[in-house]
Structures are given as C-alpha cells and as structure tokens.
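> Fold the following for me, if possible:
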Amino acid sequence: MTKQWRPYRHGWSQPCLCGSNKKFGICCKGRLAGFDIGKKYNEACRDRSWEIALLAARADISQYTIWHKSHTAPVIDKPSTVAYILRVDVNALASYVEELQWLYVTTGRSADWLETLERLRGNIQHHKWHRKIVYFRALFALTLGDDRSNARRELKKAGPITLDETDIQLLQIFIDLEFDRMPFADRLRYLDRILVVSKDLGDQLQYRSSKAVQFFLIGDAKAAEDLFSEVVALARDPNNAPLTRYQRHMYIRALQHVGMLRHDRAMLDEAIGLFHELVQEDIWTRIGQTSIYREIAESYKFLEQWKDAEATTRIALGLHDDPIDRIHLAEALLYQKKVDDACAEIDQLRSVDLKTPARDDYALAFAAIAIWSEDQARLEAAKSLLEAYEPAEPYFRERRLTLLLNVSEGISKRRISEKQKQESAPKGGFLSLLSKFVMIQPNLAGFGLNFNAIFEELGKRKPQGRSPTDEAD
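This next block holds a predicted model:
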C-alpha cells in the first residue's frame, strides 16, 4: 500500500526555519510567501528597505525549507532524488541564504551570522547541504574577517575539493584560497573546471580572463590575447544582452587588456570611455569607484599619458586612500621625471605594513625610484627589498632580476647609467594591472558594487528551485 503524501507542517513553538532563534509562530509563520516567494524581498531591496527585506529573506528560507521537507526529504535516500531534485533544493536554498548573509552585513548583524548558520544546518539533512554551510562559514572568515588561515580551516570540513567537484561555490572559494599555492598546470585545470561546471556568464567572463592572465604571466602573450578576445566576443554577443553591471565591468577590463596586448590605441581609448561611463553610474561604493579609476589610470599609463594617469590616480586616492594607488601615483610622477615627488609619495608607505599584492608592487616601485634617485641609501634599501621579494610568476621574477642587477651595479659603481634608468622604467609603466586578475574573489562584494548592484547580480544568478506544487515520486 502506497503511503499517502502529506505536506510538512512546522510546529508553532518549534525554532524558526530561518535561523533567527525565535519560535516559528512569532517569526516567519505569518509571512510565508507561497507562490510569491522572492517577491517581497525584491520589492524591499528596490526600495532600500533593508529591515523589511531581512524579514522577507527569512520567510523565503522558511518557505523553501518547508517545500523541501514536504517533497524531497521523504524520498531523500532515493538515488534519483540525490542526483537531481536534492541538488536543485540545495542550490536554491543556498541562494536564499546568500541573500540573508548580505542583509546581515547590510544591517550590522554580522556578529550573529555564524550562530545563524549553525541553526540553518538542519534545514536539509544531507551532507551536500552541510558542505554549503561550510562554504558560508569559510566565506565569512575570508570576506569579513580577512582571515585566510581560518577560511582554509573551515573549508577543509567540506572534504577534498578535487577536479571532480560539482559545487561551483566551493570551487570558487577553493581557488581563491589555494590559487597562489598551485603550479601552473593545476591552476589551469581548476579554472577549466569552473568553466565547465558554471554556465553563468559572469563566471565565464571572469575565469576566462583569469586564464588569460596565467598565460601572460608565463610569457605567452598570444594565448592571453586570444582568451581576452573570447571574453570580449562573449560580452558583445547579442544573445547575452543585457549585461549586468558586473558583467559590463569584466567586459571593459577584457577590452582594455586586448588593447594593451595589441598596442591598439583606439581600443584603449574606447575602454577609457566605457570606464568613465561606468564609474558615473550610481552603483558603486567608494572602493568600487576607486578600482575603476585605477583601471582608467592604467590605460593612460600604457598610452604614456602620464599627466592624465597622475590626475586619475589622485581622484582614486581622494575616494579611498589605498596603498596601491599611492604606489601608482609615485610611478606616474617618476615617469614625468618628478623624482623628488615620487620619493615623497613612496616614503609615505612601509613594506611591513603592506599586504600582497601591494607589497609586491611596492618592491618594484621602490627599486625603480631608487635607481632614478641615484641615492645610495635608497639603493641599499631597494636591494634588501628585492632580495626578500620572491614572486611566483615568471613575469615578475624577470622584472625583479633586472631591477636587482641594476640596483646592485649602482651600489658597486656608485653611479647609475641612463640605460639602467630606462630599463627600470619600461614603456607603459613598471606595474601591470594584468596581475590584478590573479585576485579571484568568490563573492560580488569584492568588486566594490553597492548593494543594489549586488542584488541585481544575485537575482540573475539565482538557481531556479522546484515548484511548490511538485510532488515526490
């Protein structure tokens, strides 16, 4: 006799399914969205009514969990369920939790997030969901605590992240945490795995660009150009219109880099114009605006428009005083032969206070400025910095070696030749924005988008859950 199906009923006095630590009856019971799941949340976000959006996000988590417990949980051990329906439920519920995490940050509740995650662990009784909880814990450590060691410890709880991994979020954060430790071949394999697993356009643009950088850093400029060109073609494909802001940002970056690799002035001018249009839109945090102005300055540097590069970098510094931009300002001043001014800017920073990649850029910049200054004390300090600097990529190893040889010769001969000065300051600048693509953020907040823009991207990426009327077999 077939057991009659019945919908799941959550008790009034039971802990709420949203993880709030309140009773269901006084929390989400009266706000369940039914077929309109997501609607109230979307409306509240458009109105910037964050507290209302928080209540709606909690109710959406409770609603989807009830659907899961009604339809999937009773047959969770059937192979067909694990293969498809369970995966859909895990991804859909994770998308609602992702929105809740964003709102915890927005409303100043970050301190409560880890406890909330532990209460959400029981919403789906399966290891696939428990791995999602691990992902969110690692993401919290990485993005809010800036604690990569703790993030790695958390991620280990998910088990090995291999090339057979199918969870795109686990792959993304694994790459973010382990990329610098991987040999070149493994980097490419994991990037390719993401490109196979995720069909999301944003992921395709980002990780193809990341592959392009890897080829550039080993000296294969042709492969880098081809991959960046693929990104441009994807973004311009009418079938992919309209692009989200984040996707447009990735497209303009790729266009800029194709222009650099081809030495195409018209393409770089086009990228500068598109960057200027993008930065004027009301979608960016001050850090996001700073990042775009930094990219504009990079194009000016490559075009050897050093006054424009200096002015743009000063705008970036006015928005957010980032050591990277202080280094780039010193570079722009040096290329205008304002050596004393370049020294004054670089002297505002100390290597021990910097993190990678700023520390790497600082070593290269300080050495070049020391060579142009011909100051023996600076040359000695530059030599120490370069000896301690051990870049992994061949591109930067070559730059370090050239600078170290010239610095050492300048110390021994107590003079710097014009040839050595020119070698220390090659065309287009001694710092390359291409390296910044190595920093692969697993979450959108890392790109400096404001909350409305993040919401737009999350909305486009959200997995489609099951219909509430679907019944288990």
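
> what ranges of the chain fall below the confidence cut-off?
Counting by pLDDT under 70, the ranges of the chain that qualify are 1-5, 80-83, 145, 430-473.

> Swap in 50 and give it another go.
Along the chain, segments meeting pLDDT under 50 span 1-2, 433-464, 466-473.

> can you list contacts of stretch 179-193?
163, 165, 171, 174-175, 207, 210-211, 214, 218, 392, 438, 440 (Cβ atoms under 8 Å, 6 or more residues apart in numbering). (Glycine included, C-beta is placed from N, CA and C.)

> buried sites along it?
For stretch 179-193, the neighbour count (16 or more other Cβ atoms under 10 Å) marks 179, 187, 190-191, 193 as buried.

> which stretches of the stretch 151-300 of the chain form helices?
In the stretch 151-300 of the chain, the segments counted as helices under DSSP state H, counting those that start in this stretch are 168-178, 184-197, 201-217, 221-236, 245-262, 265-279, 286-302.

> Would you format the ones you listed as a markdown table with distance to residue 21 included?
What follows is those, written out as a markdown table (distance: least, Cβ to Cβ, whole Å):
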| stretch | distance to residue 21 |
| --- | --- |
| helix 168-178 | 25 |
| helix 184-197 | 35 |
| helix 201-217 | 34 |
| helix 221-236 | 44 |
| helix 245-262 | 33 |
| helix 265-279 | 41 |
| helix 286-302 | 33 |
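
> just so I know, which of the ones you listed lies nearest residue 144?
Of all these, it is helix 168-178 that lies closest to residue 144, at 13.4 Å by Cβ to Cβ.

> what sits against residue 378?
If you count contacts by Cβ under 8 Å, 6+ apart, then residue 378 has 343, 366, 369-370 around it.

> check contacts around the residue nearest to residue 320 when sequence neighbours are not counted.
Among residues not flanking residue 320 along the chain, residue 290 sits closest, at 4.3 Å (Cβ to Cβ, 6 or more residues apart in numbering). By Cβ under 8 Å, 6+ apart, residue 290 lies in contact with 316, 319-320, 322, 325, 448.

> One more pass at 7 Å, please.
316, 319-320, 322, 325 (Cβ atoms under 7 Å, 6 or more residues apart in numbering).

> Generate the ChimeraX command that creates a selection of the buried members of those.
Listed next is the ChimeraX selection for buried residues among those, using 16+ other Cβ under 10 Å:
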select :316,319,320,322,325
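
> nearest to residue 407, of the contacts of residue 290?
Closest to residue 407, out of all of the contacts of residue 290 and judged by Cβ to Cβ, is residue 325, at 24.5 Å.

> give the contact list for that closest one.
So residue 325 contacts 290, 294, 313, 316-317 (Cβ under 7 Å, 6+ apart).

> List the residues that contact residue 229.
By Cβ under 7 Å, 6+ apart, the residues touching residue 229 are residue 258.

> From residue 208, how far off is it?
Remark: distance between residue 229 and residue 208 (Cβ to Cβ, to the nearest Å) = 10 Å.

> If we only consider the contacts of residue 290, which is nearest to residue 123?
Nearest to residue 123 among those: residue 320, at 38.2 Å, using Cβ to Cβ.

> Pull out the buried residues from the contacts of stretch 179-193.
165, 171, 174-175, 207, 210-211, 214, 438, 440.

> Nearest residue to residue 402 in space, please, no chain neighbours.
residue 423 (5.8 Å).

> cool, and residue 121?
Nearest non-adjacent residue to residue 121, counting by Cβ to Cβ, 6+ apart: residue 133, 5.0 Å away.

> re the thing from before, among the contacts of stretch 179-193, which two are most distant?
Farthest apart among the contacts of stretch 179-193 - using Cβ to Cβ - are 165 and 218, which lie 25.1 Å from each other.

> residues of the helix or strand harbouring residue 120 that come out buried?
Residue 120 belongs to helix 113-120 when assigned by DSSP states H and E. Across helix 113-120, burial judged by 16+ other Cβ under 10 Å covers 113, 116-117, 120.

> Same question for stretch 336-350.
Applying 16+ other Cβ under 10 Å to stretch 336-350 flags 338-339, 341-343, 345-346, 349 as buried.

> about what we covered before: which single one of the contacts of residue 378 is nearest to residue 147?
Distances from residue 147 to those, taken by Cβ to Cβ, are shortest for residue 366, at 28.3 Å.

> Enumerate every residue touching the closest one.
For residue 366, the contacting residues are 346, 382, 385, by Cβ under 7 Å, 6+ apart.

> Next, give me the two most distant ones among the contacts of residue 378.
Based on Cβ to Cβ, the longest span within these runs between 343 and 366 and measures 9.5 Å.

> Spell out which residues are contacts of both of the two.
By Cβ under 7 Å, 6+ apart, residue 343 and residue 366 have no common neighbours.

> Residue 253: how many residues sit nearby?
For residue 253, the count of nearby residues is 26 (other Cβ atoms under 10 Å).

> Between the buried residues of helix 113-120, which sits nearest residue 270?
Ranked by distance to residue 270 (Cβ to Cβ), the buried residues of helix 113-120 are led by residue 113 at 42.0 Å.

> buried ones in stretch 277-284?
Buried residues in stretch 277-284, defined by neighbour count with 16+ other Cβ under 10 Å: 278-279, 283-284.

> what's the spacing between the closest residue to residue 359 other than its chain neighbours and residue 364?
Using Cβ to Cβ, 6+ apart and skipping residues adjacent in sequence, the residue nearest residue 359 is residue 351, 5.9 Å away. Plainly put, residue 351 is 12 Å away from residue 364 if you go by Cβ to Cβ.

> Kindly report the same for residue 395.
Taking Cβ to Cβ, one finds residue 395 at 11 Å from residue 364.

> In terms of neighbours, single out the busier of these two.
residue 364 (25 against 16).

> Test my guess that the more buried one contacts residue 399.
Yes: Residue 364 lies in contact with residue 399 (Cβ atoms under 7 Å); the separation is 6.0 Å.

> Give me the subset of the contacts of residue 378 lying in strands.
With DSSP state E as the criterion, strands contain none of these.

> Please, which helix or strand holds the residue nearest to residue 121?
helix 127-143.

> got the buried residues for stretch 216-229?
Buried residues in stretch 216-229, counted by 16+ other Cβ under 10 Å: 216-217, 224-225, 227-229.

> between these, which is nearest residue 107?
Nearest to residue 107 among the buried residues of stretch 216-229, with distances taken as Cβ to Cβ, is residue 228, at 39.0 Å.

> any chance of the contacts of residue 325 in CSV, with distance to residue 255 too?
CSV is the format used below for the contacts of residue 325 (distance: Cβ to Cβ, whole Å):
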residue, distance to residue 255
290, 20
294, 16
313, 21
316, 20
317, 25
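
> tell me which of the residues you listed is nearest to residue 416?
Among the contacts of residue 325, and counting by Cβ to Cβ, the member closest to residue 416 is residue 313, at 25.7 Å.

> Just confirm the closest one contacts residue 332, I think it does.
Yes: if you go by Cβ under 7 Å, residue 313 and residue 332 touch, sitting 5.9 Å apart.
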